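*Asks:* Output the structure for:
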Amino acid sequence: MALRRCCRFTGLVPQLLWSSKVTVLPGASVLRGRSSVSSFDSTDRGYKELLLRRFSSGPPSTDVTYDQLKQLLAGRKSVVIDVREPWELREYGFIPGSINVPLGQVNTALQLGPEEFKEKYGGEMPQQTDNVVFSCLAGVRSKNALDTAASLGYKDVQHYPGGWQDWVKHEQHN
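*Replies:* Predicted coordinates for the structure are as follows:
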């Protein structure tokens, strides 16, 4: 019985959404009761960005570019955690200012006390409200670390999808 009610409700929701009065912004068009933002011109970019941000089904981007990471490091506005294994850092190098916490230890490390974290990893432990950027070799492990940190309640977590490989490429060009 509860399942039947749920099914009826889910069928009703789209009808309510599309049949309600819709305000259409300048430059938008309405086709069959649905508004479209594809016809916006460049002067309406602010509206389009607002709509995309407001009604986007996904969370805001968690990716950080090389330039953004350089700015964050220069301003000391983030804690950068490299989740590669220690031997990888010794063999290939590391991003200056980053703290090495291997991926397999991220869950436990982010639950340590601040002094214990500093003693074990040699850097300040991020608070749950700090901006934390995870990095690895090519972006796969850093995304896993981001997910782990988010599940532990960290609010402002990002990752550098290019990882060490992208960092080296940019640094060689500078």
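*Asks:* and Asp156, how many residues sit next to it?
*Replies:* Asp156 has 16 neighbouring residues, counting by other C-beta atoms under 10 Å. Where C-beta positions appear, they are placed from N, C-alpha and C, glycine not excepted.
*Asks:* Also Asn107?
*Replies:* Neighbour tally, Asn107, other C-beta under 10 Å: 13.
*Asks:* now do Val140
*Replies:* Val140 has 13 neighbouring residues, counting by other C-beta under 10 Å.
*Asks:* Okay, it and Lys118: tell me how far apart.
*Replies:* In this structure, Val140 and Lys118 are 28 Å apart, going by C-beta to C-beta, to the nearest Å.
*Asks:* same check, this time on Leu73
*Replies:* On the measure of C-beta to C-beta, Leu73 and Lys118 end up 19 Å apart.
*Asks:* next one: Ala74
*Replies:* From Ala74 across to Lys118, the span is 22 Å (C-beta to C-beta).
*Asks:* and the two? which has more neighbours close in?
*Replies:* Comparing Ala74 with Lys118 by other C-beta under 10 Å, the one with more neighbours is Lys118, at 14 against 9.
*Asks:* residues in contact with that one?
*Replies:* Counting by C-beta atoms under 8 Å, 6 or more residues apart in numbering, Lys118 touches Glu124, Met125.
*Asks:* Which of the helices or strands spans it?
*Replies:* In this structure, Lys118 sits in helix 114-121 according to DSSP states H and E.
*Asks:* for that helix, which positions count as buried?
*Replies:* Using 16 or more other C-beta atoms under 10 Å as the test for burial, helix 114-121 gives Phe117, Tyr121.
*Asks:* C-terminal to that helix, what's the next element?
*Replies:* Immediately after helix 114-121, counting by DSSP H and E, sits strand 131-135.
*Asks:* Check which element follows that following strand along the chain.
*Replies:* Beyond strand 131-135 on the C-terminal side, the first helix or strand identified by DSSP H and E is helix 140-151.
*Asks:* Report all helices and strands that the helix or strand following that following helix contacts.
*Replies:* Once helix 140-151 ends, the next helix or strand along the chain (criterion: DSSP H and E) is strand 156-159. Contacts defined by 3 or more C-beta pairs under 8 Å, 6 or more residues apart in numbering; DSSP states H and E place strand 156-159 against strand 131-135, helix 140-151.
*Asks:* Out of the ones you listed, which one sits most buried?
*Replies:* Stretch with highest mean neighbour count among these: strand 131-135 (a mean of 25; mean count of other C-beta atoms under 10 Å).
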